[in-house]
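Q: need a structure here:
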Amino acid sequence: MKYLIMIYGNQEKWDSFPAEAWPEAIAKQDAFNKKYRETGELLGAYGLADAVNAKLVRRENGLPAVTDGPYLETKEYLASFYLLDCDSEERAQEIAADMPFAAEEPVELWPILHESAADL
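A: Here you go, the predicted model:
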């Protein structure tokens, strides 16, 4: 079964993190990624750009209409997400709890109920 782990953040949170602590935090996250890639349970890990870089895209008259985003009126935004493939929900929970960021803030774990094949 596939699962999605999501980490939320905001610029205030990132700015409050001491600059000298970033290398260790990144090293811990890299070790987490490597560990679960090697087990085959981590399919992908994706860090997103700052919210000021997000765009909203609509279709108007058959063409893309692009405006600044995100649309949500919130300080928190999706900062990164991870795609897992695990044998059980309990295993996905173990991996989510092992994420370095989970020691500071909760991370969201969502079961993926439908997948469209990318190779069709």
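Q: Buried residues in the helix or strand bottoming out on mean pLDDT in the chain, which are they?
A: Taking mean pLDDT, DSSP states H and E as the measure, the chain has helix 11-16 as its least confident helix or strand, at a mean of 80. Across helix 11-16, burial judged by 16 or more other C-beta atoms under 10 Å covers no residue at all. Just so you know, the C-beta spots here come from the backbone N, C-alpha and C atoms, and that holds for glycine as well.
Q: For the spatially most central residue of the chain, grab phi and psi.
A: Of all residues in the chain, the one closest to the mean position by C-alpha atoms, centre = their mean is residue 81, 1.5 Å from it. As for residue 81, its main-chain torsions (degrees, to the nearest 10) stand at phi -150, psi 160.
Q: Tell me the bridge partners for it.
A: Counting by DSSP bridges, residue 81 is bridged to residue 6, residue 46.
Q: For it, give me the pLDDT.
A: The score at residue 81 is 95. That number is its pLDDT.
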